[in-house]
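A.B. asks: when you get a sec, could you give me coordinates for this:
(one chain, ligands or ions: 1)
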Amino acid sequence: MNDYRKFSEILCKSRHAVALTGAGISVESGIPDFRSKDGMWSRFDPAEYAYIESFRSDPVKVWKMLAEMDSLFARVQPNAAHAALSEFEKLGLLKAVVTQNIDSLHQRAGSSNVIEFHGHFRSLHCDCCGKIQMRQDTKLDALPPRCSCGGPLRPDIIFFGEGIPGDAYRRAFEEAEKCDLMLVIGTSALVSPASMLPRVAKKAGALLLEINPTASELSHSITDLLVMEPAGKALGAILEIVREIRS
Ligand code: APR
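C.D. replies: Below you'll find the model as predicted:
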């Protein structure tokens, strides 16, 4: 039996499957990941761009990276991997997607139960006065965009050095505790606490299926089945088999 079929059969037999996704799932949409050779961190040193202290000391510089991400998100489309996860949810096979991504591509593909562990780019807020403003109501012609109080606006994402949004943290760990299957897709699993989720799931008895063209931290330790293919290619094929099993 090939790995696509094994993956599909395990998914179809699961009671409560959840997915944990990372930047790799959006690579086939045209968004680079972070840690691959040509990833974001090869162009933007995280020590200078990714910490909350970086934003506080030089918001203009950090906004150069944020504005580039923002314009990329506006140009790209969900790919076959996002579409397959959305379809698995509609088929009742996938209960939740926990994503580390801030690109909203899961929602744009139609997934409804998406837990955004690192926040999102749809709205911005001001750390000085707390005001929240929608992205669509914010002009990015002068950087940083400013709040009516004068403070710099920042997207509702998490910089290194900040805590995970409480509700997302609670819901993600609840899903990890109760799932019997976790699909780990396109993440290096190097960043904590997101990287704890597969470990919590495994400890609670779940099977781990992973899709990643390159082995991750988990691949040779706790992953039960590793499909070494790009996510869109693999999940597109897996969706076909799932439909055939369910027909
Ligand atoms: N399909 C599946 N996986 C892929 C693909 C693809 N087409 N292309 C690349 N990958 C894999 C890479 O092999 C790598 O293991 O996706 C993974 C991406 O890893 P990272 O770049 O580390 O991204 P991620 O795991 O999401 O990073 C976590 O770190 O700095 C941050 O906050 C940022 O949310 C991000 C967090």
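A.B. asks: okay, now the residue in the chain positioned nearest to the ligand: neighbour count?
C.D. replies: Of all residues in the chain, the one sitting closest to the ligand is G24 (2.2 Å; Cβ to the nearest ligand atom). Heads up, the C-betas are built off the backbone N, CA and C, glycines and all. Other residues lying near G24 total 26 when counted by other Cβ atoms under 10 Å.
A.B. asks: need the nearest residue in space to it, chain neighbours excluded.
C.D. replies: Leaving aside its sequence neighbours, G24 sits nearest to G186 (Cβ to Cβ, 6 or more residues apart in numbering; 2.4 Å).
A.B. asks: what of G110?
C.D. replies: G110 sits nearest to S86 (Cβ to Cβ, 6+ apart), 3.8 Å away.
A.B. asks: would you list the phi and psi of that neighbour?
C.D. replies: phi -60, psi -40 (degrees, to the nearest 10).
A.B. asks: contacts only, for it.
C.D. replies: P78, H106, A109, G110, S111 (Cβ atoms under 8 Å, 6 or more residues apart in numbering).
A.B. asks: what are the ranges of the helices in the chain?
C.D. replies: 3-13, 40-43, 46-49, 52-57, 59-75, 80-90, 105-109, 166-178, 196-203, 231-246 (DSSP state H).
A.B. asks: residues of this structure that sit close to the ligand?
C.D. replies: With Cβ under 6 Å from any ligand atom as the criterion, the chain meets the ligand at residues 22-25, 27-28, 33-36, 39, 50, 100, 118, 186-188, 190-191, 211-214, 216, 230-231.
A.B. asks: what's the burial count for R5?
C.D. replies: 15.
A.B. asks: ok, A176 next?
C.D. replies: By other Cβ under 10 Å, 23 other residues sit near A176.
A.B. asks: so what's I25 closest to, chain neighbours aside?
C.D. replies: Closest to I25 by Cβ to Cβ, 6+ apart is G186, at 3.9 Å.
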